[in-house]
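Asker: I would like the atomic coordinates for the input below:
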Amino acid sequence: MDADSLPDFQLLPYSSQDPDSNSGESESLSPTSDNSITLNASSSWTYCGPLLTLEENSLPSSFHTWAKATVNGSLLTPLFSFLAYVHEFLAANNLAHYWLTTGNSAQHS
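Answerer: Residues are numbered from 1 along each chain as shown. A predicted model of the protein is given here:
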């Protein structure tokens, strides 16, 4: 997708895809009994810099600190799926840096 063909401030169309899948087909990455995600608190995490490699050890330590304090379960599969999509879009448009913010809201009764 060419960034010049998009109007300013448009959300990019995105469907989840398992980055380990070689099929190239979209798959649902919603939580299952094997990898359900629950929240301890509402919060957000931000990263600004060069593209991250899609490996757990490449994530900044601040991500692991945030995830450990905030999330029960692993965000890695959906995060890497999204980053793979973003990397493809950015590379196609000669960009190599981004500003990411991920946030969550825990429901309180």
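Asker: now the helices for the protein?
Answerer: Ranges of helices in the chain, per DSSP state H, are 61-70, 76-92.
Asker: just give the nearest non-adjacent residue to the residue nearest to the spatial centre of the chain, would you?
Answerer: By Cα atoms, centre = their mean, the mean C-alpha position of the chain lies nearest to residue 79, the distance being 2.9 Å. Excluding its sequence neighbours, the residue lying closest to residue 79 (Cβ to Cβ, 6 or more residues apart in numbering) is residue 102, at 7.4 Å. Just so you know, the C-beta spots here come from the backbone N, C-alpha and C atoms, and that holds for glycine as well.
Asker: so the one you found sits right up against residue 78, yeah?
Answerer: No: contact criterion Cβ atoms under 8 Å: residue 102 and residue 78 do not qualify, at 9.8 Å.
Asker: could you name every residue contacting both of these two?
Answerer: Residues touching both residue 102 and residue 78 (Cβ atoms under 8 Å, 6 or more residues apart in numbering): none.
Asker: distance-wise, check residue 98 relative to residue 85.
Answerer: Separation of residue 98 from residue 85 (Cβ to Cβ, to the nearest Å): 12 Å.
Asker: related to what we said a few turns ago, just tell me which of the helices of the chain ends up closest to residue 15.
Answerer: Of all those, helix 76-92 sits nearest to residue 15, with 8.4 Å by Cβ to Cβ.
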